[in-house]
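In: The following comprises the amino acid sequence and a computationally predicted model.
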Amino acid sequence: MSKRKGTSVSENPNKRSRSVNESENAADSDQEDPILSNVRLPCSEVVSDAGIVESITLKNFMCHSLLGPFTFGSNVNFVVGNNGSKCGKSAVLTALIVALGGNAQATNRGSSLRGFVKEGESSADVSITLRNKGRDAYKPEVYGSAIILDLRITREGLRTYKLRSKSGQLISTKKEELVSILDNFNIQVNNPVSVLTQEMSKYFLHSKGEGDKYKFFMKATQLEQMREDFIYIKTTKHLTEDKVEQHSECLKDLKRKYLEKEDRYRSLASLDEMHTKLEELQKQMAWALNKVDEAEKKYKQVQEQLERITQQVQELQPKCAELKTEAQKRNNLLKSSEVRVESNLRDLEKDKTQLMSRIKDLKLRFCVILFSSESKARAERIEQIQTELENLKHQISTLGQQIDQYHHAISRAKEEQGKMRSIEANRRNLQTMESSRSNRLRRFGEQMPALLNAIQEAHRRGQFKHRPRGPLGYLISLKDPELALAVEVCLKGQLLAFTCDNYEDEKVLQGLMARMFQGGRRPAIITSNFLSQVHDTRKKAVNHPNYPSVLQALEIEDPVVANCLIDQKGIESILLIKNRTEARRVMQSKSPPANCIHAFSKDGDQIFTNRSYAAEQTRANYLSGDVEEEIRHLQRELENQKAQATRFQQQMRKLDDDVKQNEGLLRRAHQDQKTIKEDLHEIITKIKSKRAESEEGQAQMADLKGSYEKAEQEYKQHKERINTIAEEADSVKEDLSKTDQEVIKCKHHKKHYDEKRSAHLHSIQTLEVSEKHFFFICLERVESRRSARTLDSEISRLKLKITSQKEQQGDREEIVRQYHEALESYKNMTQQMKNLNSFIKSLDSVMSHRLQAYAELRRFLSARCKYYFDSMLAQRGYSGSMIFDHKNETLSISVQPGQGNKADLSDMRSLSGGERSFSTVCFVLSLWAITEAPFRCLDEFDVYMDMVNRRISMDMMLKVAASQRYRQFIFLTPQNMSSLPESKIIRILRLKDPDRGQRNTQRGEDGDQ
C-alpha cells in the first residue's frame, strides 16, 4: 500500500532472529507501543532523507504579492499566525496542496485555480523545494540532493510545471514526471492523513455521523481506493461476459455459414470427376470414328503424288516469257557492273597500299617500345625487388614469431611477479603468527586486542546495553584439530565477525571500529537478539552415526556465539567428513543424509548432492592449534619464494636485453620494408603507364588491321561477283534459244497440270483437316469396345449434367474464396472466445484472492487503529472503544473521560468541546501510526481545545514526532507557541498580519540558527 521508511538491518538479514522478534512482539502485544513510550534522543540526529518540504515561496498567490521563502525544519514545524483573514497562514497549506498536484476543491479555498491569482496580476507562482537524499531519492544523478518544483497558475486557470535540479537546471516540464516523483516519495496531498484541512476535519472528524468517520478511515488507509479498483474490475468482468455471450451467438452463425460453404466446396470435386470422364469418352469417340490404318496409307500416297506434282510445277514455272526479260536485264546489269567494279578495284588498291604502310609503322613502334633496353632493365629491377620483398616478408614472419615468444615469456614473468607480491603477504602472515605466540587473538588482526579492550571499556562506561561478542573465531575451539581447515573454509568471514544485540550497540561498535581500522577493511557486524540458551536444532539438524556436524565438532561456551553461527551459516546442517572420496559417496548417493545442506572434507573441499568444489585455501590461518608448525611452514615457503624471486629477476634482466635487441631489429626491418615498398610503388606506377600506352597502340593496330581485312574481303567479293556474272551471261545466252522452243510446249502441258493440281490440293486439304482434328482430340490410341453411337449418347448426357451442375453452383473461384474466408472467420472467432473465457477465469481467481487479502488487510488495519486509539486515550487517563461495522460502513467511537467503568462509555457527542477535540486528535494519531507519508500537515488542530487538552495533545504529537525523526510535521495554529520547550527538532514560523502588497516575514526559532 505504501513504502516503509527505515534503515537496513544488515546485508544478510537473519531469518531466525526475525521470527523470534515477531513472536516476542506478539507475546507482548498488550505492552505500550514504542511510538507512545518516552523517547530518549540519540546523540546523532536522525533526519528524513527524501520527500520532505525544505522550503516554499509564494508570489502573487491569493492576496500576497510575495510570501516567503519559508524554510522548514526536517521534523516539527509550527506555522503561527492570527485568524481573521482568508489569505493568512492557510495560504501556505493551500499552495502546498495545489503545487503537489491537488485540485482546487481539495483546498476548500476556491472552486478553480484562477481564483488563486491575485487581483490585478496575470499569474501566480509557487516554488517548493523537496529533499532528495538517501536510498529513496528520485534520480539523484539528475536532480541532485534536492528537487525544485516551480508552479505557475495563469489568470485563465492553466497550470504549468517546471522541475529543476538543486543547481537550478531545468529537467522537465511534464506532469507525468511530477506524478512519478510524488509516487516515488509516497506524497498524497488528497489523503486527509497527509494533509488535513479545517473543512476536511469538520466534515469527517467533527461530523456526528458514524458513516463519515468510517469514510475518513477508509480514505486515510487507501482502502477506499482499493475498493473502487475492485468495483471497476468487477464492471470490466461483466462487460467481458456480455461480450462473450454476444460472440457465442455470432459463433453459431459463423459455424452454420462455414458448413454451408464447405458443402458447396466439396461438391466441386464431383464436377471435376465428370469433366475427367467426359474427356475420356471424347478420346474413345475420336478413335472409334477414324480408321487409322487406312488413313495413314492413303495419306502417304497422296503426299507422294503431291511432292511429284509440286516438283513438276516448280520446274515448268520459270520457263515462261519471263526468261527473255530476265536475260535482257542481266545483259544491262553486266555492262554497268563491269564499269562500277573497275572503279571500285582502283579505290580498293589505293586503300590497301595506305593500310599496309600504316600497319608497318605501328609494328615498328611496338617493337621499339617492347624491346627497348630501358624496359629490360626495369623488368630485371622488378624481379630483383620482388625477390627482396619475399625475403623481407619471410624475415618479418620470423620476427613476429619471436615477438610472440617474448610476449609469452613476459606474461609468464608477470605471473611470477604476482607470486613475488605474495611474498609480502606471507611475510605479514609470518609476523602475525609470531606475534600470536603470546596472544592468540593477534591471529585475527593486529588491531583485535586494542578493539576488544575498547569494547570492554565502552561496556564498563554503559555505552552498550549488551556487550558485543567477537571475533567469533576466537570464541570457538575444535574438538578435532584435523578439521581446522574444513571449519575455517565453512565459516569464512564469520570468523572475524562480531555480533550485537541491537542497532544502538551496533552503531557504537561501528564507531569503535572506525577508530581502530582507519583505511582498512572492518570486520562484519551481525545484529540479532541475544538469547541465554542455544537454539533447539533437533528437528532441523543432521544426525549421522559416523560423521559429526560443524556444530558437533565445535566447543562453544557462549550460547550467543552458537546461535549466531546457527542463524548465519546453519552449522547444524553441515557434515564434516575427513576423506574426500567418502564424502562424495555419502552426499551423492541415492539417499543422502536428511537435513544435510552440504559437507566439507578435511582438505576444505565442499560437496553438494549434485556437485562439488575444491578449496582454494590449503592451510588453516585462524583455527590451527600448532602455532610453531605454522611459523616453520611460513618460513620455508618464504625462503622458497625468495629463491624463486632471485631466479625470476635474473630471467627478467635477460629477457629485457633480448626484447630491446629484437625491438631494434624490428625497427630496422620496418624501415627497410618501407623504403622498398616506396621504390616498388614508383616502378609499378611507371609500368602501368607504359602498359596503358602499349595497350592503346595495340588497340589502334587491331582497328587498322580489321579495316584492312574488311577492305580486302570486299575486294575479293567484288571480284568473285564479276566472274560469276560473266559465266552466267554466257550460259543465259545459250539457254535463251532452247527456252523459246520449250515455252510453246509448256503452255500446252500447263493447263492439264493446273486442273490436276487443283483436284489434288482439295483432297490434301480435306485429309489435313481430318488429321488435325483427330490428333487434337487424342494423340495416343485408346481402345474401346463400345460403338460410336453409344459413346455419342453418353457424351451428350454427361454434357447436359455438367451444364446443369454449373448453373446450380456458380463460379468455381468464388466458391473456393468464400469457403476459405468462412473457415478463417470461424477459426478467429473460436480463438477469441477461448481467450476471453480464459481471461474471465483468471480474473475470477485473482479477484477471489485479492478480495480475501483486502478483507484481511481491512481487519488488520482496524485492529491496529483500535489499539493505538486506546493507547493514546490512556495518556490522559481516558478509556474508550472503536467499533467498526464494515457491513454497514460505520465507525462508532465511544470515550469515557477519567478512569471509569467500560459500561459507562458514551458517544463523543456527549463530551465537551475540548474533550471531543482531544479524542479527535487521538483518532488522527492512531491513523498516523498505521499509514506512511514523508510529511503530515494539520490546520488548526487545537481550535476547540481548552488549555489542558491543548497541552496534552501537544505533548502527544511532539512525542510522536520525536519518535519519528525520519518524518516531517507541519502544524498550522493561531495560538502563540512561546510555551514550547526549546529543542533542535522544533521550528516556529511566525506570520505577521497580512499587509496587501507587502512581503510577510519569517522568524525561525531553531537551535541551529
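Out: Looks like it came in fine.

In: Can you report the mean pLDDT over the residues of stretch 961-973?
Out: Mean per-residue pLDDT for stretch 961-973: 84.

In: same question, stretch 989-1007
Out: 52.

In: next one: stretch 799-817
Out: Averaged over stretch 799-817, pLDDT sits at 71.

In: Between the two ends of that stretch, how far is it?
Out: End-to-end distance for stretch 799-817: 26 Å, by C-alpha to C-alpha, to the nearest Å.

In: cool, and stretch 67-81?
Out: Terminal residues of stretch 67-81 are spaced 13 Å apart (C-alpha to C-alpha).

In: how far out from the middle of the chain is that stretch?
Out: Distance, stretch centre to chain centre, for stretch 67-81: 44 Å (C-alpha atoms, centre = their mean, to the nearest Å).

In: Now that stretch: buried residues?
Out: 67-68, 70-81 (16 or more other C-beta atoms under 10 Å). The way it works is simple: take the backbone N, C-alpha and C, and place the C-beta from them, glycine included.

In: How about stretch 132-145?
Out: Buried residues in stretch 132-145 (16+ other C-beta under 10 Å): 132-134, 136-138, 140, 143-144.

In: cool, stretch 558-565 as well?
Out: Quick answer for stretch 558-565 (16+ other C-beta under 10 Å): 560-565.

In: Check what contacts it and list those residues.
Out: Identification of contacts with stretch 558-565 by C-beta atoms under 8 Å, 6 or more residues apart in numbering yields 16, 469, 472, 475-476, 491, 494, 499, 526, 528, 530-535, 550-551, 554, 556, 571.

In: at 7 Å instead, please
Out: Applying C-beta atoms under 7 Å, 6 or more residues apart in numbering, the contact partners of stretch 558-565 are 469, 472, 475-476, 494, 499, 526, 528, 530-535, 556, 571.

In: So Ile233 versus Met226, what's the distance?
Out: Counting by C-beta to C-beta, to the nearest Å, the separation of Ile233 from Met226 is 11 Å.

In: For those two, indicate the residue with more neighbours.
Out: Met226 (18 against 14; other C-beta atoms under 10 Å).

In: Hmm, Val72 is touching Phe78, no?
Out: Actually, residue 72 is Phe rather than Val. No: contact criterion C-beta atoms under 7 Å: Phe72 and Phe78 do not qualify, at 10.4 Å.

In: and Gln384, how many neighbours?
Out: 10.

In: secondary structure class for it?
Out: With DSSP: H, G, I helix; E, B strand; the rest coil as the basis, Gln384 sits in helix.

In: what's the spacing between it and Glu390?
Out: 11 Å.

In: The closest residue to Leu223 other than its chain neighbours sits in which helix or strand?
Out: Nearest-residue entry for Leu223: Arg858, 5.7 Å, with adjacent residues in sequence omitted and distances by C-beta to C-beta, 6 or more residues apart in numbering. Assigned by DSSP states H and E, Arg858 belongs to helix 812-874.

In: helices or strands next to that helix in the packing?
Out: helix 223-289, strand 879-885, helix 913-930 (3 or more C-beta pairs under 7 Å, 6 or more residues apart in numbering; DSSP states H and E).

In: Measure how it sits relative to strand 879-885, angle-wise.
Out: Relative orientation of helix 812-874 versus strand 879-885 (axes from the mean of the first three to the mean of the last three C-alpha atoms, to 10 degrees): 160 degrees.

In: 387 is where my numbering starts, stick with that
Out: Renumbered: residue one is now 387, and that last one reads helix 1198-1260.

In: Would you pull up how far helix 1198-1260 lies from the middle of the chain?
Out: 27 Å.

In: what angle separates it from helix 1299-1316?
Out: Compare the direction of helix 1198-1260 with that of helix 1299-1316 by the same axes, to 10 degrees and you get 130 degrees.

In: picking up where we left off before, of the buried residues of stretch 944-951, closest to Ile1070?
Out: Leu951 (80.5 Å; C-beta to C-beta).

In: Check what pLDDT the residue nearest in space to the middle of the chain gets.
Out: With distances taken as C-alpha atoms, centre = their mean, Lys525 lies nearest the centre of the chain, 19.4 Å away. Confidence at Lys525, expressed as pLDDT, is 92.

In: which stretches of the stretch 1087-1236 of the chain have low pLDDT?
Out: Scanning the stretch 1087-1236 of the chain for pLDDT under 70 picks out the ranges 1112, 1114-1171, 1174, 1190-1198.

In: Show me the helices in it, by range?
Out: With helices called from DSSP state H, counting those that start in this stretch, the stretch 1087-1236 of the chain shows them at 1174-1195, 1198-1260.

In: Sweet, I'm off.
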